[in-house]
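Chemist: Pasting a predicted model and its sequence here:
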Amino acid sequence: MSLLKNKMGNAATAGDATDSMLNPMPDPILDPMPDPMLNPISDPMLGHALTHFRQSVHAWSEAAASRPRKAVRVSVHRSWRLATGWALGCVLAAGSLASGIYEHHHRQVVARLAAQAEAAREQQLAAQRARESDEDLLATVDSDVSRAVPAAMEPLAQLMDGDDNQ
């Protein structure tokens, strides 16, 4: 009896050979895909055609892999990213400029209000000084006018006062 080799490479006995002869179809559960290298092709024309096809495929792939190629730059459309970047940059610049202008304007308004408050306070102080000077002037005029006797008649008034004391 001849010895057969099973898939594991071990020699099979004659009993195993008779079992495989009884069941010529391979078991799909045990052997879902038979190895083509273990099953040599018995038809020489088919073997020659397959060998020639394999060699032509290998030659074609070798030629395709070694042929000179142009370096092509793949252009991914990122124009929206560029536009978005520029737009955000412009918004940032405009925001910075606007905040600077607003801060300058706010300082001017605060300075104007402070100047108006200072002018109002100065005006009140000037009005108060004018009232005080008016009161001093009126007091001076009142004291000058309220003299009982004019300066030319002063000696006579003293004589009169002397008579009253006696």
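Modeler: It's in.
Chemist: Kindly tell me how buried Tyr102 is, as a neighbour count.
Modeler: 10 (other C-beta atoms under 10 Å). Any C-beta I mention is one placed from the backbone N, CA and C, and that applies to glycine too.
Chemist: all strands for this structure, in order.
Modeler: Using DSSP state E, the strands found in the chain span residues 4-5, 11-12.
Chemist: In this protein, what helix or strand scores lowest on average pLDDT?
Modeler: Within the chain, confidence by mean pLDDT, DSSP states H and E is lowest for strand 4-5 among all helices and strands, at a mean of 46.
Chemist: First-to-last residue distance for stretch 70-80?
Modeler: 28 Å (C-alpha to C-alpha, to the nearest Å).
Chemist: go on, stretch 65-81?
Modeler: End to end - C-alpha to C-alpha - stretch 65-81 spans 36 Å.
Chemist: Could you list the low-confidence segments of this structure?
Modeler: 1-41, 147-151, 162-166 (pLDDT under 70).
Chemist: now for the lengthiest helix in it, which elements pack on it?
Modeler: When the chain is parsed with DSSP state H, its longest helix is helix 79-145. With contacts taken as 3 or more C-beta pairs under 8 Å, 6 or more residues apart in numbering; DSSP states H and E, helix 79-145 sits against no other helix or strand.
Chemist: quick one, phi psi at Arg78?
Modeler: With angles defined as degrees, to the nearest 10, Arg78 sits at phi -120, psi 30.
Chemist: Could you measure from it over to Gly85?
Modeler: Plainly put, Arg78 is 10 Å away from Gly85 if you go by C-beta to C-beta, to the nearest Å.
Chemist: now swap in Ala120 and tell me
Modeler: Taking C-beta to C-beta, one finds Ala120 at 52 Å from Gly85.
Chemist: okay, now Ala65: neighbour count?
Modeler: By other C-beta under 10 Å, neighbour count at Ala65 equals 7.
Chemist: right, I mislabeled it, should have said His106
Modeler: Quick note: His106 (other C-beta under 10 Å) scores 10 neighbours.
Chemist: For Pro155, see how far away Trp86 is.
Modeler: Applying C-beta to C-beta to Trp86 and Pro155 gives a distance of 104 Å.
Chemist: Cool, thanks, signing off.
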